[in-house]
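Visitor: The amino acid sequence is not available; the structure is as follows:
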(Lines give C-alpha, C1' and ligand atoms only; values in the text may rest on other atoms or scores of the structure.)
Protein backbone atom coordinates (compact mmCIF):
# COMPACT_ATOMS: atom_id res chain seq x y z
CA UNK A 1 0.00 0.00 0.00
CA UNK A 2 1.42 3.37 -1.04
CA UNK A 3 -0.06 6.81 -0.41
CA UNK A 4 2.22 9.40 -1.98
CA UNK A 5 1.07 13.00 -2.13
CA UNK A 6 2.35 16.31 -3.38
CA UNK A 7 1.91 15.72 -7.11
CA UNK A 8 1.46 18.54 -9.58
CA UNK A 9 -1.85 18.87 -11.46
CA UNK A 10 -0.64 16.60 -14.24
CA UNK A 11 0.72 13.96 -11.85
CA UNK A 12 4.11 14.29 -13.49
CA UNK A 13 6.25 15.21 -10.48
CA UNK A 14 6.09 15.69 -6.74
CA UNK A 15 6.19 19.40 -5.90
CA UNK A 16 4.88 19.62 -2.33
CA UNK A 17 2.47 17.98 0.11
CA UNK A 18 -1.08 16.73 -0.02
CA UNK A 19 -3.22 17.31 3.07
CA UNK A 20 -5.31 14.67 4.78
CA UNK A 21 -7.43 16.58 7.28
CA UNK A 22 -9.64 14.72 9.74
CA UNK A 23 -11.39 17.94 10.79
CA UNK A 24 -11.47 16.52 14.36
CA UNK A 25 -14.37 14.32 13.24
CA UNK A 26 -12.57 11.05 12.41
CA UNK A 27 -10.90 8.76 14.95
CA UNK A 28 -7.78 8.30 12.81
CA UNK A 29 -6.68 10.02 9.66
CA UNK A 30 -4.97 6.75 8.66
CA UNK A 31 -5.71 3.36 10.24
CA UNK A 32 -4.07 0.09 9.21
CA UNK A 33 -4.19 -3.38 10.74
CA UNK A 34 -2.55 -6.71 9.86
CA UNK A 35 -0.69 -5.46 6.79
CA UNK A 36 2.89 -5.11 5.57
CA UNK A 37 4.82 -2.74 3.31
CA UNK A 38 2.96 0.55 3.75
CA UNK A 39 4.55 3.70 2.35
CA UNK A 40 3.28 7.16 3.35
CA UNK A 41 5.08 10.09 1.75
CA UNK A 42 4.65 13.82 1.03
CA UNK A 43 1.55 14.15 3.19
CA UNK A 44 0.26 16.46 5.89
CA UNK A 45 -1.79 14.41 8.37
CA UNK A 46 -3.77 16.63 10.69
CA UNK A 47 -6.74 16.90 13.04
CA UNK A 48 -7.51 13.27 13.70
CA UNK A 49 -9.25 12.81 17.06
CA UNK A 50 -9.03 9.29 18.52
CA UNK A 51 -11.69 9.70 21.19
CA UNK A 52 -13.61 6.44 20.72
CA UNK A 53 -13.55 3.03 22.34
CA UNK A 54 -10.55 0.70 22.08
CA UNK A 55 -8.75 0.54 19.70
CA UNK A 56 -10.04 3.86 18.40
CA UNK A 57 -8.77 5.75 21.44
CA UNK A 58 -5.16 5.89 20.20
CA UNK A 59 -3.29 7.27 17.21
CA UNK A 60 -5.26 10.28 16.10
CA UNK A 61 -3.02 10.91 13.11
CA UNK A 62 -1.77 7.40 12.28
CA UNK A 63 -2.78 4.17 14.01
CA UNK A 64 -0.93 0.97 13.01
CA UNK A 65 -1.85 -2.38 14.55
CA UNK A 66 0.25 -5.43 13.68
CA UNK A 67 1.94 -3.58 10.82
CA UNK A 68 5.38 -4.51 9.48
CA UNK A 69 7.92 -2.92 7.15
CA UNK A 70 6.22 0.44 6.72
CA UNK A 71 7.81 3.80 5.93
CA UNK A 72 6.35 7.09 7.11
CA UNK A 73 8.72 9.43 5.30
CA UNK A 74 8.61 13.15 4.55
CA UNK A 75 5.24 13.40 6.26
CA UNK A 76 4.03 16.13 8.63
CA UNK A 77 1.89 14.79 11.48
CA UNK A 78 0.39 17.72 13.37
CA UNK A 79 -2.63 18.86 15.35
CA UNK A 80 -3.90 15.37 16.16
CA UNK A 81 -5.13 14.07 19.52
CA UNK A 82 -5.96 10.83 21.32
CA UNK A 83 -7.86 10.19 24.52
CA UNK A 84 -5.31 7.53 25.48
CA UNK A 85 -2.11 6.83 23.55
CA UNK A 86 -0.18 8.44 20.74
CA UNK A 87 -1.77 11.70 19.72
CA UNK A 88 0.22 11.80 16.49
CA UNK A 89 1.25 8.19 15.83
CA UNK A 90 0.47 4.88 17.56
CA UNK A 91 2.24 1.61 16.79
CA UNK A 92 0.74 -1.45 18.47
CA UNK A 93 2.41 -4.87 18.09
CA UNK A 94 4.24 -3.54 15.04
CA UNK A 95 7.80 -4.11 13.92
CA UNK A 96 10.43 -2.96 11.43
CA UNK A 97 8.79 0.38 10.66
CA UNK A 98 10.56 3.68 10.00
CA UNK A 99 9.20 7.10 11.00
CA UNK A 100 11.34 9.73 9.30
CA UNK A 101 8.86 12.58 9.53
CA UNK A 102 8.10 15.66 11.61
CA UNK A 103 5.64 14.96 14.42
CA UNK A 104 4.57 18.11 16.23
CA UNK A 105 1.76 19.84 18.13
CA UNK A 106 -0.11 16.63 18.95
CA UNK A 107 -1.58 15.62 22.31
CA UNK A 108 -2.65 12.51 24.24
CA UNK A 109 -2.94 11.13 27.75
CA UNK A 110 0.37 9.29 27.21
CA UNK A 111 2.80 9.70 24.33
CA UNK A 112 1.72 13.06 23.00
CA UNK A 113 3.68 12.69 19.77
CA UNK A 114 4.37 8.96 19.34
CA UNK A 115 3.44 5.87 21.37
CA UNK A 116 4.88 2.38 20.80
CA UNK A 117 3.31 -0.61 22.55
CA UNK A 118 4.71 -4.16 22.34
CA UNK A 119 6.56 -3.03 19.23
CA UNK A 120 10.13 -3.79 18.21
CA UNK A 121 12.86 -2.97 15.71
CA UNK A 122 11.32 0.37 14.74
CA UNK A 123 13.29 3.52 13.93
CA UNK A 124 12.17 7.06 14.81
CA UNK A 125 14.51 9.35 12.90
CA UNK A 126 12.28 12.38 12.35
CA UNK A 127 11.91 15.40 14.60
CA UNK A 128 9.38 15.10 17.45
CA UNK A 129 8.55 18.47 18.99
CA UNK A 130 5.97 20.66 20.70
CA UNK A 131 3.76 17.72 21.68
CA UNK A 132 2.10 17.26 25.08
CA UNK A 133 0.88 14.45 27.33
CA UNK A 134 -1.36 14.58 30.37
CA UNK A 135 0.67 11.89 32.12
CA UNK A 136 3.81 10.37 30.59
CA UNK A 137 5.97 10.90 27.53
CA UNK A 138 5.29 14.32 26.09
CA UNK A 139 7.24 13.53 22.93
CA UNK A 140 7.66 9.74 22.77
CA UNK A 141 6.48 6.86 24.97
CA UNK A 142 7.77 3.29 24.64
CA UNK A 143 5.74 0.73 26.57
CA UNK A 144 6.80 -2.94 26.69
CA UNK A 145 8.73 -2.34 23.47
CA UNK A 146 12.22 -3.55 22.62
CA UNK A 147 15.09 -2.98 20.21
CA UNK A 148 13.84 0.36 18.88
CA UNK A 149 16.02 3.32 17.94
CA UNK A 150 15.26 7.00 18.52
CA UNK A 151 17.74 8.98 16.44
CA UNK A 152 15.74 12.12 15.63
CA UNK A 153 15.66 15.29 17.71
CA UNK A 154 13.10 15.45 20.54
CA UNK A 155 12.47 18.97 21.80
CA UNK A 156 9.95 21.45 23.24
CA UNK A 157 7.65 18.66 24.44
CA UNK A 158 5.89 18.53 27.80
CA UNK A 159 4.21 16.05 30.12
CA UNK A 160 2.25 16.79 33.27
CA UNK A 161 3.97 13.89 35.07
CA UNK A 162 7.16 12.13 33.91
CA UNK A 163 9.31 12.07 30.80
CA UNK A 164 8.80 15.40 29.13
CA UNK A 165 10.81 14.33 26.09
CA UNK A 166 11.02 10.52 26.15
CA UNK A 167 9.52 7.94 28.50
CA UNK A 168 10.58 4.26 28.54
CA UNK A 169 8.52 1.84 30.63
CA UNK A 170 9.18 -1.93 30.78
CA UNK A 171 11.10 -1.60 27.52
CA UNK A 172 14.48 -3.20 26.90
CA UNK A 173 17.37 -2.92 24.45
CA UNK A 174 16.34 0.46 23.08
CA UNK A 175 18.76 3.10 21.80
CA UNK A 176 18.44 6.88 22.16
CA UNK A 177 20.98 8.71 20.00
CA UNK A 178 19.17 11.91 19.01
CA UNK A 179 19.31 15.29 20.72
CA UNK A 180 16.82 15.78 23.58
CA UNK A 181 16.41 19.39 24.67
CA UNK A 182 14.00 22.06 25.97
CA UNK A 183 11.50 19.50 27.28
CA UNK A 184 9.64 19.70 30.59
CA UNK A 185 7.88 17.36 33.01
CA UNK A 186 5.52 18.10 35.86
CA UNK A 187 7.31 15.57 38.06
CA UNK A 188 10.47 13.72 36.97
CA UNK A 189 12.77 13.41 33.99
CA UNK A 190 12.36 16.53 31.92
CA UNK A 191 14.47 15.00 29.15
CA UNK A 192 14.39 11.21 29.56
CA UNK A 193 12.53 9.02 32.07
CA UNK A 194 13.52 5.35 32.24
CA UNK A 195 11.44 2.95 34.35
CA UNK A 196 12.27 -0.74 34.68
CA UNK A 197 13.84 -0.82 31.24
CA UNK A 198 16.99 -2.92 31.05
CA UNK A 199 19.84 -2.62 28.57
CA UNK A 200 18.91 0.90 27.52
CA UNK A 201 21.65 2.67 25.58
CA UNK A 202 21.78 6.49 25.52
CA UNK A 203 24.70 7.61 23.41
CA UNK A 204 26.06 10.52 21.40
CA UNK A 205 23.17 12.70 22.52
CA UNK A 206 22.95 16.35 23.45
CA UNK A 207 20.57 16.29 26.43
CA UNK A 208 20.24 19.73 27.94
CA UNK A 209 17.86 22.47 29.08
CA UNK A 210 15.29 19.91 30.17
CA UNK A 211 13.60 20.26 33.55
CA UNK A 212 11.21 18.56 35.95
CA UNK A 213 9.02 20.53 38.33
CA UNK A 214 9.10 18.08 41.26
CA UNK A 215 12.60 16.62 40.99
CA UNK A 216 14.46 18.72 38.47
CA UNK A 217 16.17 15.81 36.72
CA UNK A 218 17.42 15.78 33.15
CA UNK A 219 17.70 11.96 32.97
CA UNK A 220 15.66 10.11 35.58
CA UNK A 221 16.31 6.42 36.25
CA UNK A 222 13.55 4.82 38.29
CA UNK A 223 13.92 1.19 39.21
CA UNK A 224 11.43 -1.20 40.70
CA UNK A 225 13.38 -4.23 39.59
CA UNK A 226 15.20 -4.02 36.26
CA UNK A 227 17.56 -1.34 35.05
CA UNK A 228 20.51 -3.67 34.61
CA UNK A 229 22.75 -2.98 31.65
CA UNK A 230 21.86 0.67 31.14
CA UNK A 231 24.67 2.62 29.44
CA UNK A 232 24.95 6.40 29.06
CA UNK A 233 27.90 7.21 26.83
CA UNK A 234 29.39 10.19 24.98
CA UNK A 235 26.53 12.53 25.85
CA UNK A 236 26.47 16.23 26.70
CA UNK A 237 24.25 16.55 29.78
CA UNK A 238 23.00 19.87 31.13
CA UNK A 239 19.97 21.24 32.96
CA UNK A 240 18.07 24.49 32.86
CA UNK A 241 20.63 26.65 34.63
CA UNK A 242 18.96 26.13 38.02
CA UNK A 243 20.71 25.12 41.24
CA UNK A 244 18.15 22.35 41.71
CA UNK A 245 18.88 20.82 38.30
CA UNK A 246 20.25 17.24 38.38
CA UNK A 247 22.03 15.66 35.42
CA UNK A 248 21.25 12.02 36.27
CA UNK A 249 18.93 11.04 39.11
CA UNK A 250 18.74 7.49 40.40
CA UNK A 251 15.42 6.75 42.06
CA UNK A 252 13.10 3.92 43.02
CA UNK A 253 12.63 1.01 45.35
CA UNK A 254 15.86 -0.67 44.31
CA UNK A 255 19.31 0.45 43.28
CA UNK A 256 20.09 0.79 39.59
CA UNK A 257 22.82 -1.81 39.65
CA UNK A 258 25.58 -2.17 37.11
CA UNK A 259 24.86 0.68 34.78
CA UNK A 260 27.73 2.45 33.02
CA UNK A 261 28.59 6.12 32.53
CA UNK A 262 31.37 6.49 29.99
CA UNK A 263 32.79 9.51 28.20
CA UNK A 264 30.03 11.99 29.05
CA UNK A 265 30.41 15.75 29.42
CA UNK A 266 28.44 17.39 32.24
CA UNK A 267 27.75 21.10 31.66
CA UNK A 268 28.26 22.41 35.18
CA UNK A 269 26.88 25.94 34.83
CA UNK A 270 23.54 24.38 33.86
CA UNK A 271 23.46 21.88 36.74
CA UNK A 272 23.17 22.01 40.51
CA UNK A 273 24.20 18.35 40.74
CA UNK A 274 25.93 16.12 38.24
CA UNK A 275 24.50 12.92 39.71
CA UNK A 276 22.14 12.17 42.56
CA UNK A 277 22.09 8.65 43.84
CA UNK A 278 19.32 6.48 45.25
CA UNK A 279 20.80 6.43 48.76
CA UNK A 280 21.00 10.22 49.00
CA UNK A 281 24.63 10.60 47.95
CA UNK A 282 25.42 13.05 45.21
CA UNK A 283 28.12 14.70 43.16
CA UNK A 284 27.76 18.47 43.16
CA UNK A 285 28.63 20.75 40.31
CA UNK A 286 31.82 21.96 41.94
CA UNK A 287 33.49 18.54 41.87
CA UNK A 288 36.71 18.24 39.88
CA UNK A 289 35.78 14.96 38.23
CA UNK A 290 34.84 12.26 39.90
CA UNK A 291 34.50 8.70 38.86
CA UNK A 292 31.03 7.89 40.05
CA UNK A 293 31.91 4.44 41.37
CA UNK A 294 32.54 6.22 44.65
CA UNK A 295 32.70 3.72 47.54
CA UNK A 296 30.03 5.67 49.45
CA UNK A 297 27.54 4.91 46.70
CA UNK A 298 25.40 1.76 46.70
CA UNK A 299 27.09 -0.13 43.86
CA UNK A 300 25.39 2.12 41.37
CA UNK A 301 27.85 2.02 38.53
CA UNK A 302 29.95 -0.84 37.35
CA UNK A 303 31.98 1.52 35.19
CA UNK A 304 32.41 5.29 35.26
CA UNK A 305 35.32 6.38 33.13
CA UNK A 306 36.47 9.35 31.09
CA UNK A 307 33.58 11.58 32.13
CA UNK A 308 34.31 15.30 32.16
CA UNK A 309 32.86 18.58 33.33
CA UNK A 310 32.74 21.81 31.38
CA UNK A 311 31.33 25.31 31.80
CA UNK A 312 29.62 26.17 28.50
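Guide: Nice, I can see it. The shown structure was predicted, so the numbers you read here are calculated from the model rather than taken from an experiment.
Visitor: Could you use CA atoms for every contact and neighbour count after this?
Guide: Fine.
Visitor: and the closest residue to residue 85 other than its chain neighbours, what does it touch?
Guide: Leaving aside its sequence neighbours, residue 85 sits nearest to residue 58 (C-alpha to C-alpha, 6 or more residues apart in numbering; 4.6 Å). Contacts for residue 58 (C-alpha atoms under 8 Å, 6 or more residues apart in numbering) come out as 50-51, 82-87, 90.
Visitor: at 6 Å what do you get?
Guide: Residues in contact with residue 58 (C-alpha atoms under 6 Å, 6 or more residues apart in numbering) are 50, 82, 84-86.
Visitor: so which strand or helix has residue 232?
Guide: According to DSSP states H and E, residue 232 maps onto strand 231-233.
Visitor: How far does that strand sit from its chain's centre?
Guide: With C-alpha atoms, centre = their mean, to the nearest Å as the basis, strand 231-233 stands 16 Å off its chain's centre.
Visitor: Can you give me the first-to-last residue distance of stretch 102-109?
Guide: Stretch 102-109 has an end-to-end distance of 20 Å (criterion: C-alpha to C-alpha, to the nearest Å).
Visitor: do stretch 215-229 as well
Guide: 24 Å.
Visitor: quick one: buried residues of that stretch?
Guide: Using 16 or more other C-alpha atoms under 10 Å as the burial criterion, the residues of stretch 215-229 that qualify are 215-223, 225-229.
Visitor: again, but for stretch 37-47
Guide: Quick answer for stretch 37-47 (16+ other C-alpha under 10 Å): 38-47.
Visitor: follow-up on the earlier one: sheet partners, orientation included, of the strand holding residue 232?
Guide: Strand 231-233 pairs in its sheet with strand 201-203 (parallel), strand 259-262 (parallel), by DSSP bridges.
Visitor: now the helices for the protein?
Guide: Taking DSSP state H, the chain contains no helices at all.
Visitor: Show me what the residue most central in space within it is bridged to.
Guide: Geometric centre of the chain, nearest residue: residue 166, 2.5 Å, by C-alpha atoms, centre = their mean. Beta-bridge pairing for residue 166 (DSSP bridges): residue 140, residue 192.
Visitor: How much space separates it from residue 151?
Guide: Distance from residue 166 to residue 151, by C-alpha to C-alpha: 12 Å.
Visitor: now swap in residue 214 and tell me
Guide: Taking C-alpha to C-alpha, one finds residue 214 at 28 Å from residue 151.
Visitor: Please identify which of the two sits among more neighbours.
Guide: Shown here are residue 214 and residue 151; by other C-alpha atoms under 10 Å, residue 151 has more neighbours (21 against 13).
Visitor: Spit out the contact partners of the more buried one.
Guide: By C-alpha under 6 Å, 6+ apart, the contact set of residue 151 is 125, 177-178.
Visitor: Swap in 10 Å and give it another go.
Guide: Residues in contact with residue 151 (C-alpha atoms under 10 Å, 6 or more residues apart in numbering) are 100, 123-127, 175-180, 203-205.
Visitor: And for residue 153?
Guide: Residue 153 touches 102, 124-129, 165, 176-181, 205-206, counting by C-alpha under 10 Å, 6+ apart.
Visitor: what about 8 Å?
Guide: 125-129, 178-180.
Visitor: per-residue confidence for it?
Guide: For residue 153, the pLDDT comes out at 98.
Visitor: now swap in residue 161 and tell me
Guide: 97.
Visitor: thought it was touching residue 111?
Guide: No: assessed by C-alpha atoms under 8 Å, residue 161 is found out of contact with residue 111, at 11.6 Å.
Visitor: any shared contact partners between these two?
Guide: In contact with both residue 161 and residue 111: residue 136, using C-alpha under 8 Å, 6+ apart.
Visitor: can you tell me the distance between the two ends of stretch 177-185?
Guide: For stretch 177-185, the end-to-end distance is 20 Å (C-alpha to C-alpha).
Visitor: average pLDDT across it?
Guide: 98.
Visitor: starting at the chain centroid, how far to that stretch?
Guide: With C-alpha atoms, centre = their mean, you get 8 Å for stretch 177-185.
Visitor: list the buried ones in that stretch?
Guide: Quick answer for stretch 177-185 (16+ other C-alpha under 10 Å): 177-185.
Visitor: got a list of contacts for that stretch?
Guide: 138, 149-165, 190-192, 202-213.
Visitor: Show me the residues you listed that map onto strands.
Guide: 149-150, 154-155, 158-159, 192, 202-203, 206-208, 211-212 (DSSP state E).
Visitor: In a markdown table, list these along with distance to residue 94 and neighbour count.
Guide: Conversion of those to a markdown table gives the following (distance: C-alpha to C-alpha, whole Å; neighbours: other C-alpha atoms under 10 Å):
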| residue | distance to residue 94 | neighbour count |
| --- | --- | --- |
| 149 | 14 | 20 |
| 150 | 16 | 22 |
| 154 | 22 | 31 |
| 155 | 25 | 28 |
| 158 | 26 | 35 |
| 159 | 25 | 34 |
| 192 | 23 | 32 |
| 202 | 23 | 21 |
| 203 | 25 | 21 |
| 206 | 29 | 18 |
| 207 | 28 | 29 |
| 208 | 31 | 28 |
| 211 | 32 | 36 |
| 212 | 31 | 31 |
